[in-house]
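1. Got a predicted structure here, sequence first:
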Amino acid sequence: MKALRFPVLVFLLVFLCGLTAVLWTRTPPREVKSPQRERRTTAVKNLPPLKLPAEGQNRRGTEGWEFTGEIAANFVTARGKLHAELLHQSWRPEKTVFLESSLCPSVLLTYSKGDLELVLMLWKIDTGKTGCSYKREKIINPGVETI
């Protein structure tokens, strides 16, 4: 029995190496497609404004922002209120980018809902006042899954 073990192992080793070499040469190389980036355009102009909690001064945004306003609350409270309101309106949180976290904190928050993306910027104005701006963009996905 022990005398057959070595020849059987050698046979299996040679057989598997040969099979691997034959299959390796027959396998066509796979094409690697680089994922395309999602394109975005500004959202349709006739979208209703977002319902935001208790703004102070409201005005149309400038420099690409749809809306700019002030909330009569401190930075942390305003961020929590806006986050809760957007979740209530079925916006799904995506990313959070802290721009500055010193004495005057500011943050960018992104949310998505269907084929829309919302970019919300919050910054501290004063102890009891927070500034906010938002813009909505329509995501044009060319049918390629993004990673």
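-> Everything's here; your move.
2. what is the mean pLDDT for stretch 132-147?
-> Averaging pLDDT along stretch 132-147 gives 71.
3. Point to the residue nearest the middle of the chain.
-> In the chain, the centroid-proximal residue (C-alpha atoms, centre = their mean) is Glu94; its distance is 4.5 Å.
4. Check the gap between that residue and Glu100 for me.
-> Glu94 sits 20 Å away from Glu100, going by C-beta to C-beta, to the nearest Å. C-beta: built from backbone N, CA, C; applies to glycine.
5. Which SSE is immediately downstream of the helix or strand of the chain with the lowest mean pLDDT?
-> Every helix and strand of the chain was ranked by mean pLDDT, DSSP states H and E. The lowest is strand 55-60, at a mean of 59. Later in the chain than strand 55-60, the nearest helix or strand by DSSP states H and E is strand 67-71.
6. Restrict that following strand to CA atoms and write it as CSV.
-> Only the C-alpha atoms of strand 67-71 are listed here, as CSV (Å, rounded to 0.1, in the frame of the first residue of the first chain):
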residue,chain,number,x,y,z
PHE,A,67,-31.1,78.5,-1.6
THR,A,68,-29.2,80.3,1.1
GLY,A,69,-30.6,81.1,4.5
GLU,A,70,-30.0,81.3,8.3
ILE,A,71,-31.4,79.1,11.0
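7. Check which strands are paired with that strand and give the direction for each one.
-> Sheet pairing of strand 67-71 (DSSP bridges) gives strand 55-60 (antiparallel), strand 129-140 (antiparallel).
8. For the nearest residue to Thr127 once chain neighbours are set aside, give me phi and psi.
-> Nearest residue to Thr127 in three dimensions, chain neighbours excluded: Asn74, at 6.4 Å (C-beta to C-beta, 6 or more residues apart in numbering). When read as degrees, to the nearest 10, the backbone of Asn74 gives phi -70, psi 170.
9. Tell me where the chain has helices.
-> 2-26, 75-88 (DSSP state H).
10. Give me the distance from the first one to the chain's centre.
-> I take that to be helix 2-26. The chain centre lies 49 Å from the centre of helix 2-26; the measure is C-alpha atoms, centre = their mean, to the nearest Å.
11. cool, and stretch 103-112?
-> Worked out by C-alpha atoms, centre = their mean, stretch 103-112 lies 14 Å from the chain centre.
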